[in-house]
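Q: Provided below are the primary sequence and the corresponding predicted coordinates.
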Amino acid sequence: MILIRNGNVHDGLGQVLAKTDILIDNGKIVRIGQHLEVAQAQVIEAEGKCVMPGWIDPLSGWGTAAGRGQARDNDETSDPLTPQLDVYYAFDPESMMYQELWGYGITAAGVAPSSNNILGGSTAVFKAYGKTAEAMCVKAPAALKGSVDEKVKQTYGPRNIAPMTKMGIFSALRELIAKCRSDKAEDQKDLKVQAFRPVLEGRLPLILNCNTKAEADAVLSLFEKEPVQLILANMYQLDESLKDKACGLILGDLTDGFNRYHAAVDYKALFDLIKAGKPVALSAFGDAVSPGREILMWNAHGLLAQARRLGAEITSEDVLKMLTSVPAQLLGVADRIGSLTEGKDADVVIWSGNPLETFRALPETVIISGEIVKGEKAA
Amino acid sequence: MKRLIKGAKIITMGALGTLEKADILMEDGKITAIGEGLEALEAEVIDAKGLTAIPGIVDAHSHIGGFEIATGAQDVNEMVKNVTAEVEVIDGLDPRSPSFKEALAAGVTCSAIAPGSGNVIGGVVCAVKSAGQGTIESRCINRHVALKAAMGGNPKGVYGKRNQMPMTRMGVASILRQYFRDVQEYMKKQEEAKADPAKMPKWDPAMENGAKVLRHEMPVKMHCTQFDMITVIELAKEFDFEFTLDHAWGASDYMEPIVESGCPVIFGPIAVAKGFGESIKIDIDSVVEMDKRGVLCSIMTDGPVYHPWLIVEQAGEVVRYGADVERAIAMLTINPAKTIGCDQRIGSLEIGKDADIALFNGMPTLDPAAGVVMTLVDGEIAYQSKGF
């Protein structure tokens, strides 16, 4: 058992509990409260420190590339429509561990196929620490991932393979939807159809990258009458019209200088959506191939700077939600991770300061699935 | 035109140190007074209560204006041969590039813009202000900042694929050695021509730029990481040239030779995934140690690789690993100004220097939500955030 004592507990749901204890047993948070007394626990004094849930990078390629510039096993660009693929088979625990994501507070990630296919395959949620894919896996599949942005056209168009245009992208999606509804035996047996049907029936979320408003609107319109759990990603041209749409958002990375969509981001509209309760998660990858573990935090900082500049009432607790409970909710793993509440996995980071409010903040102790990954272990 | 910034916390990076609440008076593009309670008739007053003023940020390693983000066009990598010491980056820059506007919004007022790293020797680096009238020439404050060179993966990646040298690091070192031998020979002939004009070699701009390096009129700006840094240090001893180590990933493993060489380091950008080859260590914590041991350290974004505001973010990462805030701000201002040979004009807020100033709504490198609300270049307001 581990007892984290007297920390300032930021629960990831918007609350801050001053001088509060967290008791961890068997990989789970078993009690949160004040003055917990436990006879045989390793005690970690956290007075004056900032205790947060581990952050979740919801749409990433972590664990699918051996290193910067190495082969990416999540990038099957031999066919633009591959919903039947499963990122689980691309996931290399060693590659994930090597990045030491917990050094920047990240304890879990949504690992996804690349953004080069209309439908790339299913994503899975993995912990940042562990020995095997099985042990690290929180949920697989977590969602189906695809993209309607220009990367798909850039991947296939030059080969004279559809899609060369956006018409081609949406035509392929329509055809797949039609096949899912067909009662022909050959369609029923098609692995692609079998992989997409849970999406159409609302049993598996669908994440689609959209860089522009036109792309997002086309996706929303295509699935308007379906019970699809839609998550729109990147979304550099989001606007207030999304308030009334049934979809979650994963904001794409805003640090990559080569991304030409960043200048278009309407932060006021974004902050209004967040205030209205729209689930918006932050992410680190965008269209980049191998960003560093710092990027998720930098995106959070960037958002807070924009909020201050605009005088928007977005607090560091609001942004913490976008790194924890919101991505957990979007990926369907909120029952396991994304907040500091009793019964959840013990993915806990003890920071020397609040990393969303000062640069003088280091993750002194990191606990993943109840195991101390960084910091002093029990004797 | 006179302007007066009133009531700011001023981090001068000069002899005045940090002033908790003071004013800066500027006239005709220069700083004319710094102190408390300044008054000036006919000056436009900028109320900076609650704001923090720092010298305009200097990015000592950038390529902005040479890459066009919207179209992907590039004019800074002349990759037709492995040595292009004759080209000058100033000829490849678009003064109207949106990257300069973006730089101003981040408080970056001057950038040392370098040719890319596709060639072993890429050409001449210049320093330009982010704002100003008309041409790049008129915004350029140092035409010969350095001669750009690149070690390792980048030139290997360009020429190796063509079955040309350099395909290996051996090739890179050999090309550099051959180049500086040729320059030495060229200079020797020029010297001999003083007695016998018939011996004067044909004018060669690639050799002329190398001669500037060997005469210590400009350093070599070395794109390098890890053990490539040792190759650079050894070549510099062999040919007696000055150099900067740019990028410098892995510096923590080569601390002693770097400190001993006395060279400036321009570190960054970080936030790339760790990997094999050149990215085994992305160790910005090494900057804290180098700074303590007297290395002149600066932080770069490698613009446009990262958006310009990330230069401050990266300096914040230096604070995270233990540097004092004022040391980190020095790495954004006076240190790079010295490194690119422009500290007579920029890099600190002192009387007589250019009025290049960034006003933040919080303490940069400490407060992650701090952002630039106004940037002045040569005493003119070059950027102002909405609502300020």
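A: Noted; the coordinates are in hand. Not measured: the values here are computed from a predicted model.

Q: what distance separates the start and the end of stretch B:235-255?
A: 18 Å (C-alpha to C-alpha, to the nearest Å).

Q: so residue B:4 touches residue B:46, yeah?
A: Yes: between residue B:4 and residue B:46 there is a contact under C-beta atoms under 8 Å: 6.9 Å. The C-beta positions use only the backbone N, C-alpha and C, and glycine is treated the same way.

Q: can you map out the strands along the stretch 51-200 of chain B?
A: B:52-55, B:57-62, B:108-113, B:121-129, B:140-150 (DSSP state E, counting those that start in this stretch).

Q: Tabulate the ones you listed (TSV), appending mean pLDDT and mean neighbour count.
A: Below are the strands of the stretch 51-200 of chain B laid out as TSV (pLDDT from 0 to 100; neighbours: other C-beta atoms under 10 Å in any protein chain shown):
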stretch	mean pLDDT	mean neighbour count
strand B:52-55	98	27
strand B:57-62	98	30
strand B:108-113	98	30
strand B:121-129	98	27
strand B:140-150	98	24
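
Q: Any idea which of these gets closest to residue A:173?
A: strand B:57-62 (41.4 Å; C-beta to C-beta).

Q: could you check whether that closest one is close to chain A?
A: No: Strand B:57-62 lies out of reach of chain A by C-beta under 8 Å from any C-beta of the partner chain, never closer than 10.3 Å.

Q: Give me the angle between that strand and strand B:121-129.
A: Angle of strand B:57-62 versus strand B:121-129, following axes from the mean of the first three to the mean of the last three C-alpha atoms, to 10 degrees, is 160 degrees.

Q: And strand B:57-62, what does it pack against?
A: Packing partners of strand B:57-62 (3 or more C-beta pairs under 8 Å, 6 or more residues apart in numbering or on different chains; DSSP states H and E): strand B:108-113, strand B:243-247, strand B:297-299, helix B:310-320, helix B:334-339.

Q: As CSV, could you dump the C-alpha coordinates of it?
A: These are the backbone C-alpha positions of strand B:57-62, laid out as CSV (Å, rounded to 0.1, in the frame of the first residue of the first chain):
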residue,chain,number,x,y,z
ILE,B,57,14.1,38.2,-28.2
VAL,B,58,16.9,37.2,-30.4
ASP,B,59,16.7,33.8,-32.1
ALA,B,60,20.3,32.8,-32.9
HIS,B,61,19.3,30.0,-35.2
SER,B,62,16.4,30.3,-37.6
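
Q: what pairs with residue B:57 across the strands?
A: Note on residue B:57: beta-bridge partners by DSSP bridges are residue B:108.

Q: List the contacts of it.
A: Residues near residue B:57 by C-beta atoms under 8 Å, 6 or more residues apart in numbering or on different chains: B:106-110, B:311-312, B:332-333, B:358.

Q: now do 10 Å
A: Residues in contact with residue B:57 (C-beta atoms under 10 Å, 6 or more residues apart in numbering or on different chains) are B:103, B:106-111, B:130, B:299, B:301, B:308-309, B:311-312, B:315, B:329, B:331-333, B:336-337, B:346-347, B:356, B:358, B:364, B:372, B:375.

Q: any weak-confidence spans in the stretch 201-350 of chain B?
A: Filtered on pLDDT under 70, the stretch 201-350 of chain B yields no residues whatsoever.

Q: Next: the stretch 1-150 of chain A.
A: Short version for the stretch 1-150 of chain A, where the test is pLDDT under 70: A:66-71.

Q: quick one: the helices in the stretch 51-200 of chain B?
A: B:98-105, B:136-139, B:153-159, B:169-193 (DSSP state H, counting those that start in this stretch).

Q: quick one: the longest one near chain A?
A: Right, the one you point to is helix B:169-193. No: using C-beta under 10 Å from any C-beta of the partner chain, we find that helix B:169-193 stays clear of chain A, coming within 16.6 Å at best.

Q: Who are the packing partners of that helix?
A: strand B:121-129, strand B:140-150, helix B:153-159, helix B:205-214, strand B:220-224, helix B:228-239 (3 or more C-beta pairs under 10 Å, 6 or more residues apart in numbering or on different chains; DSSP states H and E).

Q: Please, where are all the helices along the stretch 251-388 of chain B?
A: For the stretch 251-388 of chain B, the helices defined by DSSP H, counting those that start in this stretch cover B:255-261, B:285-292, B:310-320, B:325-330, B:334-339.

Q: Enumerate every residue touching the nearest residue to residue B:117 once chain neighbours are set aside.
A: Among residues not flanking residue B:117 along the chain, residue B:150 sits closest, at 3.5 Å (C-beta to C-beta, 6 or more residues apart in numbering or on different chains). Counting by C-beta under 10 Å, 6+ apart, residue B:150 makes contact with B:77, B:82, B:114-122, B:156, B:158, B:166, B:172, B:176, B:221-224, B:228, B:246-247.

Q: about what we covered before: identify, out of the helices of the stretch 51-200 of chain B, the most deeply packed stretch.
A: helix B:98-105 (a mean of 23; mean count of other C-beta atoms under 10 Å in any protein chain shown).

Q: what's the angle from that helix to strand B:57-62?
A: Inter-element angle recorded for helix B:98-105 and strand B:57-62: 150 degrees (by the same axes, to 10 degrees).

Q: counting contacts, what elements does helix B:98-105 pack onto?
A: With contacts taken as 3+ C-beta pairs under 10 Å, 6+ apart, helix B:98-105 sits against strand B:57-62, strand B:108-113, strand B:121-129, strand B:372-377, strand B:380-384.

Q: out of everything not next to it in sequence, what's closest to whatever residue of the stretch 101-250 of chain A ends up closest to chain B?
A: Closest contact between the stretch 101-250 of chain A and chain B, by C-beta to the nearest C-beta, is at residue A:104 (9.4 Å). Spatial nearest neighbour of residue A:104, chain neighbours left out: residue A:293 (4.4 Å); criterion: C-beta to C-beta, 6+ apart.

Q: Thought residue B:274 was touching the one you found, still the case?
A: Yes: counting by C-beta atoms under 10 Å, residue A:293 touches residue B:274, with 8.5 Å between them.

Q: Quick one: closest of the helices of the stretch 251-388 of chain B to chain A.
A: helix B:310-320 (3.9 Å).

Q: Any figure for the gap between residue A:331 and chain B?
A: Distance of residue A:331 to chain B, computed by C-beta to the nearest C-beta, to the nearest Å: 22 Å.
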